[in-house]
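Visitor: sequence unavailable; structure follows:
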């Protein structure tokens, strides 16, 4: 049916002879067409065109015959020959765009529609078609602009409002997507199509529970709807429900096994729930001449029951001069080795976890352990943990065999799709008799979501305090505080390559100074293979005039992480 509609468009656009091309059609080709002998017609046209390549009319006829044989690429190539001979002909541009869309070459279709829009500025249908093929090509910025231009002229085009919302969600601009849906609802009220798009946006924007509430009645009425099942798969994966996610993904595969959305759902499920192995190496150095090299590896798997099992090992080598207060008394490097195993079980909205391991520091050994719980809803999560481990900051802390018992809590809150608030606090009892507490609050707001850039702006307030100031190889001011503004650009270089940057700058001080001084830090994280089986993460960071764990004013670090997903 789709081929018949496209052919009808081509016939309508290209059927009339033009003065410049009013030449006789070869009788053999015309007879073959009349008899439905398409291969013979193609053979005759090709023979004539080899001798007379300037015959635009025959390139057009050839394109139509190829379309009749369900060969969109050949039909497209033929009409492109006609376009070469008449580059600004609007009918040929339309035919090229139509055939490129049929063939799935949406980028070529978008270029053709852009050129056609420059020629026929009053044709609003061209703008709508440009919006659609641009969205399918991943050129979502162009798509959104074209949708807005079309809706400015036709605000009562109900389906187009939904398409606009979908294009906004594809570029991660969920606030604008919900605004588009709100405009639809204000004009046209509730509908099954509105609920379907809203569920999709909620699932993709981190509100899977709300999405599932909308999906349930829609799937009851239409259980074989492909789009609804894709949304259900995404929502279930976001809720970390592996068995139900795989059942939903099987339904998606059965409905449309080769559809691009099926492949997208498969990549998302593998990235979110698949087993992983992660070897990594990192290094740290600072102005107090502390150097830490860390080599580690971890593996994790999620069982159908919702049980997550993980294990890992790390080795650290710590170096610092004895004279600086961070090194061992003999100036030798220190080592730390730690192997661990962990398990977590999800029960409804609550996940209980625990870990235990074996750790050694030169002449000391210990059995670190920890237990925790995570309570999560669509907009709020609370993580609490208690642990007992070695306190590994410098060669001095290793040499002394310091340990700490730590209670920690984190809160993540999303009051709206444009806002996110992180808060965390911890209390540590260190074995040298010191008590240490930390508090961090960091709100941020979405500023931009485009095809190639995400941009957030935020603030961060951090405080650290200890009960005693001891010469034991770590930073222990009675009070340290830092207040910074943070810029979070994320560059989407492609679907599978991204560059995340965090730039913070503000003021900081500790109890050794009454006045604030400038402090800041920068972090850059590059990921290659975001949704692929293999991924590589590279990160670098720098801290300037801001206290690090060791007490240094300047610190630098880098890491390389290789991820294998199964």
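Guide: Nice, thanks for sending it over. Every value quoted in this text rests on a predicted model; they were computed, and no experiment measured them.
Visitor: quick one: mean pLDDT for the helix or strand harbouring residue 203?
Guide: For residue 203, the host element (DSSP states H and E) is helix 192-204. For helix 192-204, the mean pLDDT works out to 96.
Visitor: got it, and stretch 51-63?
Guide: Taken as a whole, stretch 51-63 has a mean pLDDT of 94.
Visitor: quick one: distance of it to the chain centre.
Guide: In terms of CA atoms, centre = their mean, to the nearest Å, the centre of stretch 51-63 is found 46 Å from the chain centre.
Visitor: which parts of it are buried?
Guide: Neighbour counts over stretch 51-63 (16 or more other CB atoms under 10 Å) mark 55, 56, 57, 58, 59, 60, 61, 62, 63 as buried. Backbone N, C-alpha and C define where each C-beta goes, glycine included.
Visitor: for the one helix or strand the fifth one maps to, packing partners?
Guide: The reference is to residue 59. Using DSSP H and E, residue 59 maps to helix 56-68. Other elements packing on helix 56-68 under the criterion 3 or more CB pairs under 8 Å, 6 or more residues apart in numbering; DSSP states H and E are helix 2-14, helix 38-51, helix 72-85, helix 90-103.
Visitor: most neighbours per residue, which of these?
Guide: Highest mean neighbour count among the helices and strands packed on helix 56-68 (mean count of other CB atoms under 10 Å): helix 90-103, with a mean of 24.
Visitor: next, the angle from whichever helix or strand comes after it to helix 90-103.
Guide: Moving toward the C-terminus from helix 90-103, the next helix or strand (DSSP H and E) is helix 106-119. Per axes from the mean of the first three to the mean of the last three CA atoms, to 10 degrees, the angle that helix 106-119 makes with helix 90-103 is 160 degrees.
Visitor: can you list contacts of the helix or strand that helix 106-119 is followed by?
Guide: Downstream of helix 106-119, the first helix or strand assigned by DSSP H and E is helix 124-136. For helix 124-136, contacts defined as CB atoms under 8 Å, 6 or more residues apart in numbering pick out 97, 100-101, 106, 109-110, 113-114, 116-117, 120, 140, 142-144, 146-147, 149-150, 153-154, 160, 163-164, 166-167, 170.
Visitor: please pick the buried ones from those residues.
Guide: Neighbour counting by 16+ other CB under 10 Å classes 97, 100-101, 106, 109-110, 113-114, 116-117, 140, 142-144, 146-147, 150, 160, 163-164, 166-167, 170 among the contacts of helix 124-136 as buried.
Visitor: residue 517 and residue 505 touch, don't they?
Guide: No - using CB atoms under 8 Å, residue 517 is not in contact with residue 505, being 11.9 Å away.
Visitor: tell me which of these two has more neighbours.
Guide: Shown here are residue 517 and residue 505; by other CB atoms under 10 Å, residue 505 has more neighbours (15 against 11).
Visitor: ok, and the closest non-adjacent residue to that one?
Guide: Once flanking residues are discounted, residue 505 sits nearest to residue 520: 3.8 Å by CB to CB, 6 or more residues apart in numbering.
Visitor: need the phi and psi values for the one you found.
Guide: Note on residue 520: backbone dihedrals following degrees, to the nearest 10 are phi -170, psi 170.
Visitor: from residue 226, how far off is it?
Guide: Look at residue 520 and residue 226: by CB to CB, to the nearest Å, they are 49 Å apart.
Visitor: again with residue 465
Guide: 56 Å.
Visitor: now swap in residue 24 and tell me
Guide: Distance of residue 24 to residue 226, computed by CB to CB: 49 Å.
Visitor: of the two, give the one with the bigger neighbour count.
Guide: Counted by other CB under 10 Å, residue 24 and residue 226 do not tie: residue 226 has more neighbours, with 16 against 7.
Visitor: quick check, pLDDT for that one.
Guide: Looking at residue 226 specifically, the model assigns a pLDDT of 97.
Visitor: what's the neighbour count on the spatially closest residue to it that is not a sequence neighbour?
Guide: Using CB to CB, 6+ apart and skipping residues adjacent in sequence, the residue nearest residue 226 is residue 255, 4.7 Å away. The local packing of residue 255 (other CB under 10 Å) involves 15 other residues.
Visitor: how close does residue 255 sit to residue 233?
Guide: Applying CB to CB to residue 255 and residue 233 gives a distance of 11 Å.
Visitor: for the chain, identify the residue most remote from the centre.
Guide: Ranked by distance from the centre of the chain (CA atoms, centre = their mean), the top residue is residue 27, with 57.6 Å.
Visitor: which residues does the closest residue to residue 498 other than its chain neighbours bridge with?
Guide: Using CB to CB, 6+ apart and skipping the chain neighbours, the partner closest in space to residue 498 is residue 527 (5.1 Å). Bridge pairing for residue 527 (DSSP bridges) gives the partners residue 498, residue 537.
Visitor: count of neighbours near residue 527?
Guide: Neighbourhood size, residue 527 [other CB under 10 Å]: 18.
Visitor: how much space separates it from residue 537?
Guide: Relative to residue 537, residue 527 is positioned 5 Å away (CB to CB).
Visitor: residue ranges with poor pLDDT in the chain?
Guide: Where the chain drops to pLDDT under 70, the residues are 1-22, 545-552.
Visitor: go with 50
Guide: 1, 3-5, 8, 11-12, 16-21 (pLDDT under 50).
Visitor: how does it divide up, domain by domain?
Guide: As given by automatic domain parsing, the domain ranges for the chain are 2-241, 274-565.
Visitor: quick one: residue 243 is in a strand?
Guide: No - secondary structure of residue 243 (DSSP: H, G, I helix; E, B strand; the rest coil): helix, not part of a strand.
Visitor: can you list the neighbours in contact with stretch 343-354?
Guide: 240-241, 305-310, 342, 355, 369-377.
Visitor: so residue 442 touches residue 457, yeah?
Guide: No - here residue 442 lies out of contact with residue 457, judged by CB under 8 Å, at a distance of 11.6 Å.
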